[in-house]
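*Asks:* Provide a 3D model corresponding to the input given below.
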Amino acid sequence: MQINTFKLLFLSLFLALSFSGFATENKDAEGGDEELNIAEMILHHVSDNHSFHILDWDGHPVSVPLPVILWTNEGLVTFMSSEFHHDEDGKVVVEKKGQKLTYYHGKIYYANDSADASGKYVSVDEEGHATNARMLDLSVTKNVFSMLMSMIVLMLIFIGSARAYKKSENNIPRGIARFTEPLILFVKNDIAIPNIGEKKHKKFLPYLLTIFFFIWINNIFGLIPFFPFSANLSGNIAFTFALACLTFIITTLNGNKDYWKHIFWMPGVPVPMKLFLAPIELIGVFTKPIALFIRLFANITAGHIVILALISLIFVFRNMYGDVAGYAVSPVSVAFVVFISLIEILVVAIQAYIFTILSALYFGMATAEHDDH
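*Replies:* This is a model prediction of the structure:
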C-alpha cells in the first residue's frame with residue numbers, strides 16, 4: 001500500500017513538473033499569461049521532434065538535442081538540433097554550406113533572406129502552414145531514436161534469452177527466458193497455429209513474434225514520460241503504415257491459387273454475381289491493411305490525447321477562474337490521468353496483440369486450401 005501511494009505521488013509530481021514547462025512557455029512579452037492553446041499543446045507533445053524537451057528551468061528550456069541529417073541542394077548537411085536554440089517559430093537561422101535553414105513547427109525549411117514583421121524567416125499561408133521549400137530530411141528524430149533504441153532492447157532481450165537456454169539444463173528457462181518463453185508460446189499457440197495452421201505457421205512465426213514484441217515495446221516506451229522514452233512512435237501514421245505494408249506484402253506474395261480464385265472468380269457463384277463480387281473482393285485486399293494501420297495509430301494517439309487533455313484542465317480552470325480553481329481541480333485531473341494511464345498499460349499490449357492476430361489471420365486466409373466441392 002505504501003509503495004502504491006509513493007508511485008501515485010511520484011507520478012503526480014512528475015506530471016506537474018512536465019506541464020509546468022508548458023505553462024512557462026505561455027507568457028507574453030510583459031510577463032503575463034497567454035490564453036492556453038490546448039490543441040497546439042497536444043499536437044506539440046504527440047508529434048515528432050528533433051529534440052527531447054525535458055523541462056523549463058528558470059524560464060529557459062532544457063532539452064536533449066538530436067542529430068540533424070539533411071540532403072540539400074548543396075549535398076549532405078549535418079549538425080545538432082541545438083543550433084536552432086530551442087526555437088520552433090522560424091525565428092532562428094542556421095547557415096550551412098551557404099544555405100540558410102530554419103526550424104518551424106517541427107520541420108526544417110530553407111529560410112527567407114530576411115525576416116517578416118513577426119521575426120519569422122518563413123512564409124506561411126492563411127492556415128499558418130509554411131510555404132518555403134524543404135529538403136530531404138534524414139534526421140534522427142524522437143521517433144527514429146525510440147525505434148532504434150527498441151531494436152537494441154529487443155536484441156538484448158532475445159540474445160539474452162538464447163544464452164539462458166544454452167546455459168540451462170533440460171531446456172528449463174532461466175533469467176530473462178522466464179519472461180520471454182510464455183509470450184513466445186502465446187504468440188505461437190494462441191495466434192499463429194489457430195489462424196494459419198499447424199503445418200504452415202512456422203514460416204510466418206518469426207515475423208509475428210517480431211511485430212508483436214516490436215509494437216509492444218515501442219508502445220510501452222511511449223507511456224514512459226521522460227528521456228530517453230516518451231516518443232509517440234505508434235502514434236505516427238507513417239510508422240503504422242510501414243508495418244501494415246509489410247503485412248500486405250507478405251500476404252500478397254504468399255497467396256495461393258485458392259486465395260486469388262476466391263477474389264477474382266468466386267467458386268459456386270453465378271457468373272453475373274462473380275463479376276459483381278470481383279471488384280469488391282479486390283478492394284478488400286487493400287482495405288484490410290488500411291484498417292490495420294489506422295486502428296493502431298488511432299488507438300495509441302487517442303490515449304495520449306486524453307491524458308494531455310485531462311492535464312490541461314488544470315491550466316484551463318486556472319486561466320478562467322484563477323489560481324485557486326486551478327489548485328482545486330488538479331487532484332481530480334491527476335486522479336483521472338493516473339486512471340487512464342493504468343488503462344493505457346493494458347491497451348498498448350492489446351493493440352500489439354490485435355495487430356499480430358489480424359496479420360496472422362490474413363496469412364491464414366492467403367494460404368488456406370479450400371475444398372470447393
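
*Asks:* what helices or strands is the longest helix anywhere in the chain leaning on?
*Replies:* Secondary structure of the chain per DSSP state H: the longest helix is helix 271-321. Counting contacts by 3 or more C-beta pairs under 8 Å, 6 or more residues apart in numbering; DSSP states H and E, helix 271-321 is packed against helix 2-25, helix 38-46, helix 201-223, helix 237-254, helix 257-264, helix 323-367. All C-beta spots, glycine's among them, are computed from the backbone N, C-alpha and C.

*Asks:* and among the ones you listed, the most buried is which?
*Replies:* Greatest average neighbour count among the helices and strands packed on helix 271-321 goes to helix 201-223 (a mean of 20), per mean count of other C-beta atoms under 10 Å.

*Asks:* one step back: using JSON lines, lay out the helices and strands packed on helix 271-321 together with mean pLDDT and distance to T102.
*Replies:* Formatted as JSON lines, the helices and strands packed on helix 271-321 follow (pLDDT from 0 to 100; distance: least, C-beta to C-beta, whole Å):
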{"stretch": "helix 2-25", "mean pLDDT": "45", "distance to T102": "19"}
{"stretch": "helix 38-46", "mean pLDDT": "75", "distance to T102": "18"}
{"stretch": "helix 201-223", "mean pLDDT": "93", "distance to T102": "29"}
{"stretch": "helix 237-254", "mean pLDDT": "94", "distance to T102": "23"}
{"stretch": "helix 257-264", "mean pLDDT": "85", "distance to T102": "50"}
{"stretch": "helix 323-367", "mean pLDDT": "90", "distance to T102": "35"}
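
*Asks:* what would those helices look like in TSV with distance to P182?
*Replies:* Below are the helices and strands packed on helix 271-321 laid out as TSV (distance: least, C-beta to C-beta, whole Å):
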stretch	distance to P182
helix 2-25	25
helix 38-46	32
helix 201-223	13
helix 237-254	24
helix 257-264	33
helix 323-367	13
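
*Asks:* Any idea which of those helices gets closest to G128?
*Replies:* Closest to G128 of these is helix 38-46 (C-beta to C-beta; 10.0 Å).

*Asks:* which secondary structure elements does the closest one contact?
*Replies:* helix 271-321.

*Asks:* any idea how far the helix it packs on is from the chain center?
*Replies:* Relative to its chain's centre, helix 271-321 lies at 14 Å (C-alpha atoms, centre = their mean, to the nearest Å).

*Asks:* If you tally nearby residues, what's the number for A231?
*Replies:* 26 (other C-beta atoms under 10 Å).

*Asks:* right, and K97 touches L76 too?
*Replies:* No. Applying C-beta atoms under 8 Å as the test, K97 and L76 come out as separate, 9.1 Å apart.

*Asks:* and the direction of the longest helix of the chain versus that of helix 201-223, what angle?
*Replies:* If you take axes from the mean of the first three to the mean of the last three C-alpha atoms, to 10 degrees, helix 271-321 sits at 20 degrees to helix 201-223.

*Asks:* Now do helix 271-321 against helix 257-264, angle only.
*Replies:* Angle, helix 271-321 to helix 257-264, by the same axes, to 10 degrees: 80 degrees.

*Asks:* can I see the domain layout of this protein?
*Replies:* The record assigns the chain these domain ranges, following automatic domain parsing: 75-139, 143-367.

*Asks:* Looks to me like F52 is in a strand.
*Replies:* Yes. Counting by DSSP: H, G, I helix; E, B strand; the rest coil, F52 is found in a strand.

*Asks:* That one reaches L66, doesn't it?
*Replies:* Yes. Judged on C-beta under 8 Å, F52 makes contact with L66 at a distance of 7.4 Å.

*Asks:* got any residues that touch both of those two?
*Replies:* Shared contacts of F52 and L66 (C-beta atoms under 8 Å, 6 or more residues apart in numbering): K142.

*Asks:* Can you say which of the domains of the chain is nearest to G59?
*Replies:* Set against G59 and scored by C-beta to C-beta, those come closest in domain 75-139, at 11.6 Å.

*Asks:* Any idea how far apart the tips of that closest one sit?
*Replies:* 14 Å (C-alpha to C-alpha, to the nearest Å).

*Asks:* That one - what's its average pLDDT?
*Replies:* For domain 75-139, the mean pLDDT works out to 91.

*Asks:* go on, stretch 192-200?
*Replies:* pLDDT averaged over stretch 192-200 gives 91.

*Asks:* Nearest to A278, out of the helices and strands packed on helix 271-321?
*Replies:* Using C-beta to C-beta, the nearest of these to A278 is helix 257-264, at 5.2 Å.

*Asks:* what angle separates the closest one from helix 237-254?
*Replies:* Computed by the same axes, to 10 degrees, the angle between helix 257-264 and helix 237-254 is 110 degrees.

*Asks:* so what secondary structure elements neighbour helix 257-264?
*Replies:* helix 271-321, helix 323-367.

*Asks:* Extract the CA atoms of stretch 313-330 and return them as CSV.
*Replies:* C-alpha atoms of stretch 313-330 as CSV (Å, rounded to 0.1, in the frame of the first residue of the first chain):
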residue,chain,number,x,y,z
LEU,A,313,-8.0,21.1,-17.3
ILE,A,314,-5.7,22.4,-14.6
PHE,A,315,-4.5,25.3,-16.7
VAL,A,316,-7.9,26.0,-18.3
PHE,A,317,-9.5,26.4,-14.9
ARG,A,318,-6.6,28.5,-13.7
ASN,A,319,-6.9,30.9,-16.6
MET,A,320,-10.6,31.1,-16.4
TYR,A,321,-11.3,31.3,-12.7
GLY,A,322,-7.9,32.0,-11.1
ASP,A,323,-5.2,30.1,-9.2
VAL,A,324,-7.5,28.7,-6.6
ALA,A,325,-9.6,27.0,-9.2
GLY,A,326,-6.5,25.5,-10.8
TYR,A,327,-5.3,24.1,-7.5
ALA,A,328,-8.8,22.8,-6.7
VAL,A,329,-9.2,20.9,-9.9
SER,A,330,-5.7,19.5,-10.0
